[in-house]
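> any chance you can model this:
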Amino acid sequence: MIIYEEILRAFQKAKVKYVLVGGIALNLHGALRATADLDILVEMSDENLAKIVSILRNRGYQVRQPVDPMGIADAEIRKDWIRNKHMKAFNFFKGRELEEVDIIIDSPVSYAAASKQTKKIKIDGILLPLISIEHLIQMKRGTGREIDRLDVAQLKKIKKLRRSK
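Reported below is the predicted structural model:
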């Protein structure tokens, strides 16, 4: 069993358009970093986002923000949140289980670009779309966070090791 298995199976069944990014993607590429949240870069259509929100709500996830989470599935509301609230990700969490899902809504890498270079990994019958190392580096470079600088260094080492094989 993998972490977030129920959600990932539901995404697959509903044909949600997403790419795994963040710490879990880093781990799947071969780096070691403790992480508990699921970060996803998604196709930003209202329909795709509505599927994601429904899947998460039906599995007991809620939002910290005092807003209706289905607002993310409305292009005008989403643009307002990005422009006026400087929102980069929309967070869902599940009770005391420390399960969190971040939907990346403002990224230097678009879903369209990322989806063209994904690596597909099959785990327990779930086909996981994994962001490329190059795109993950691009996403992590501009954050200004020390952990992301360390992640970039690890990803560069992994790239170098793979080239030398």
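
> where's the longest helix seen in the chain relative to the chain centroid, distance-wise?
If you go by DSSP state H, the chain has its longest helix at helix 146-164. Remark: helix 146-164 is offset 19 Å from the chain centroid, using CA atoms, centre = their mean, to the nearest Å.

> likewise stretch 79-87?
19 Å.

> list the buried residues for that stretch?
If you call a residue buried by 16 or more other CB atoms under 10 Å, then stretch 79-87 has these buried ones: 81, 87. (Glycine included, C-beta is placed from N, CA and C.)

> and the contacts of it?
Outside of stretch 79-87, the residues that reach it under the criterion CB atoms under 8 Å, 6 or more residues apart in numbering are 71-72, 90, 105-106.

> got a quick PyMOL command for the buried subset of these?
Filtering those down to the buried ones (16+ other CB under 10 Å) takes a single PyMOL command:
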select buried, resi 71+72+90+105
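
> got the contacts of stretch 79-87 as TSV, with pLDDT, secondary structure and distance to Val16 columns?
Output for the contacts of stretch 79-87, formatted as TSV (pLDDT from 0 to 100; DSSP: H, G, I helix; E, B strand; the rest coil; distance: CB to CB, whole Å):
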residue	pLDDT	secondary structure	distance to Val16
Gly71	92	helix	18
Ile72	92	helix	13
Phe90	93	strand	15
Ile105	89	coil	15
Asp106	87	coil	19
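
> what's the average pLDDT for the longest helix of the chain?
When pLDDT is averaged along helix 146-164, the result is 90.

> packing partners of that helix?
helix 22-28, helix 133-141 (3 or more CB pairs under 8 Å, 6 or more residues apart in numbering; DSSP states H and E).

> just name the most buried of the ones you listed.
Sort those by mean neighbour count, taking mean count of other CB atoms under 10 Å, and helix 22-28 sits at the top with a mean of 21.

> report all helices and strands that that helix contacts.
When contacts are defined as 3+ CB pairs under 8 Å, 6+ apart, helix 22-28 sits against strand 37-42, strand 126-130, helix 146-164.

> the last one to helix 133-141, inter-axis angle?
Same thing as helix 146-164. Using axes from the mean of the first three to the mean of the last three CA atoms, to 10 degrees, the interaxial angle of helix 146-164 with respect to helix 133-141 works out to 160 degrees.

> what of the first one?
Orientation check (the same axes, to 10 degrees): strand 37-42 against helix 133-141 gives 110 degrees.

> so for the helix or strand following strand 37-42, what's the average pLDDT?
Proceeding N to C from strand 37-42, the next assigned helix or strand is helix 46-58, under DSSP states H and E. Per-residue pLDDT over helix 46-58 has a mean of 97.

> alright, calling it a day.
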